[in-house]
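Participant: all I have is the shape, not the residue letters:
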């Protein structure tokens, strides 16, 4: 069930990295399992870019927002969280917050601005990764959780897990990074900016104008279609779509559909445009585009940055067919950890599904996650070749 917690007030405003300020803000979150009396079994799970705090179970109500479509009802990591699963709720208290700036209950562009009485819309600040992390830290403080057992993040969420580990090193013992990395690659920057331009070319400045909102949805459709090229493996097309064209889906013009992949891509774009807000997506893309550590791999600077993390242990999971965060990005991450003397375990998963594997194939990750979360630092496998 969705919980809503205030993280900012007039006496304790939330400041963004760029100096913007919210005098009132809340974070939507959900949890599974029970917090121990010592509050030492909490796992903070960061969402993926366009997912919500609803990571497991079934909820057809959500936070009561327009974007809570049927696609949101089942938790996006439902196969990973629960009794006996990868994040075993018999042992762990798993907490997942929606991003500040998203459209799933946390304060964002789709929320009312208390000063104007209108939706924030285009006037909502553009967050950085550190802002999204800080909002989650305020939630932890509110809940009285001083130190985590683990912080977990996949894909874009892996950036947040890394940022949390570096800036709040004493607040977690373990870090799990799945299909993520240290940097925003040139390919990511190009694809992300194409999505930005697709949205802005159709974007509504007045979200109360129905026709303009429909235009914004067209931009979101195009953005999602661009993004999907990074999430799938082109040579495994039979894995993603039916063998027949869905002629119920049409382009906006007169172009005839020629291949099942085209109708599949239209379907993905349509689904996304119904469950996400254009201004929210632009803000999360900005957080992705602006992510920068200041170093690219093993170096003296990286060694200094990771020095406070040497008490932590890391699990880095890679997907051999990933077209978004290529395997070399995880190799670069573990090489940096090794250079900084941070204990880690590195595992590469073999899958036909590409980047989507970490959502769709929990069986490939369950054993490694269970073993890692239960292991003490002394039992961790450190070598790069592990």
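Facilitator: Sure thing, it's come through. None of these values were measured; they are calculated from a predicted model.

Participant: residue 347 touches residue 319, doesn't it?
Facilitator: No. The criterion here is C-beta atoms under 8 Å, and residue 347 misses it with residue 319 at 10.3 Å. Any C-beta I mention is one placed from the backbone N, CA and C, and that applies to glycine too.

Participant: pick out whichever of those two has more residues nearby.
Facilitator: More neighbours sit around residue 319 than around the other of residue 347 and residue 319, counting by other C-beta atoms under 10 Å; the figures are 28 against 18.

Participant: for the more buried one, grab phi and psi.
Facilitator: Dihedral angles phi and psi of residue 319 (degrees, to the nearest 10) take the values phi -120, psi 120.

Participant: show me what it bridges to in the sheet.
Facilitator: Note on residue 319: beta-bridge partners residue 349, judged by DSSP bridges.

Participant: list the contacts of it.
Facilitator: Counting by C-beta atoms under 8 Å, 6 or more residues apart in numbering, residue 319 makes contact with 179, 325, 327, 348, 349, 351, 354, 355, 357, 358.

Participant: report the buried members of these.
Facilitator: When those are checked for burial by 16 or more other C-beta atoms under 10 Å, the buried set is 179, 325, 327, 349, 351, 354, 355, 357, 358.

Participant: now render those as JSON lines, adding pLDDT, secondary structure and distance to residue 65.
Facilitator: Output for the buried ones among the contacts of residue 319, formatted as JSON lines (pLDDT from 0 to 100; DSSP: H, G, I helix; E, B strand; the rest coil; distance: C-beta to C-beta, whole Å):
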{"residue": "179", "pLDDT": "98", "secondary structure": "coil", "distance to residue 65": "28"}
{"residue": "325", "pLDDT": "97", "secondary structure": "coil", "distance to residue 65": "29"}
{"residue": "327", "pLDDT": "97", "secondary structure": "helix", "distance to residue 65": "36"}
{"residue": "349", "pLDDT": "97", "secondary structure": "strand", "distance to residue 65": "34"}
{"residue": "351", "pLDDT": "95", "secondary structure": "coil", "distance to residue 65": "33"}
{"residue": "354", "pLDDT": "93", "secondary structure": "helix", "distance to residue 65": "30"}
{"residue": "355", "pLDDT": "95", "secondary structure": "helix", "distance to residue 65": "26"}
{"residue": "357", "pLDDT": "95", "secondary structure": "helix", "distance to residue 65": "29"}
{"residue": "358", "pLDDT": "97", "secondary structure": "helix", "distance to residue 65": "26"}
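
Participant: which of those residues sits closest to residue 61?
Facilitator: The shortest approach to residue 61 among the buried ones among the contacts of residue 319 belongs to residue 358, at 26.9 Å (C-beta to C-beta).

Participant: against residue 104, how distant is the closest one?
Facilitator: As judged by C-beta to C-beta, to the nearest Å, residue 358 and residue 104 stand 20 Å apart.

Participant: cool, and residue 197?
Facilitator: The span separating residue 197 from residue 104 equals 25 Å under the rule C-beta to C-beta.

Participant: residue 4 now?
Facilitator: Look at residue 4 and residue 104: by C-beta to C-beta, they are 11 Å apart.

Participant: quick one: the strands in the stretch 101-250 of the chain?
Facilitator: Remark: strands assigned in the stretch 101-250 of the chain by DSSP state E, counting those that start in this stretch are 148-154, 172-178.

Participant: contact partners of the last one?
Facilitator: Think strand 172-178. 44, 147-155, 158, 161-162, 164-165, 309, 311-317, 330, 333, 358, 365, 369, 372-373, 377.

Participant: where does the closest residue to residue 236 other than its chain neighbours land on pLDDT?
Facilitator: Sequence neighbours aside, residue 352 is the residue nearest to residue 236 in space, at 4.8 Å (criterion: C-beta to C-beta, 6 or more residues apart in numbering). Note for residue 352: predicted pLDDT of 92.

Participant: residue 308 contacts residue 168, correct?
Facilitator: No. Counting by C-beta under 8 Å, residue 308 stays clear of residue 168, with 9.5 Å between them.

Participant: so which residue is dead centre in this protein?
Facilitator: Geometric centre of the chain, nearest residue: residue 48, 2.0 Å, by C-alpha atoms, centre = their mean.

Participant: quick one: that residue and residue 111, what's the gap?
Facilitator: With distances taken as C-beta to C-beta, residue 48 is found 21 Å from residue 111.

Participant: coming back round to it: and residue 197 and residue 104? which has more neighbours close in?
Facilitator: Of the pair residue 197 and residue 104, residue 104 is the one with more neighbours under other C-beta under 10 Å, namely 27 against 14.
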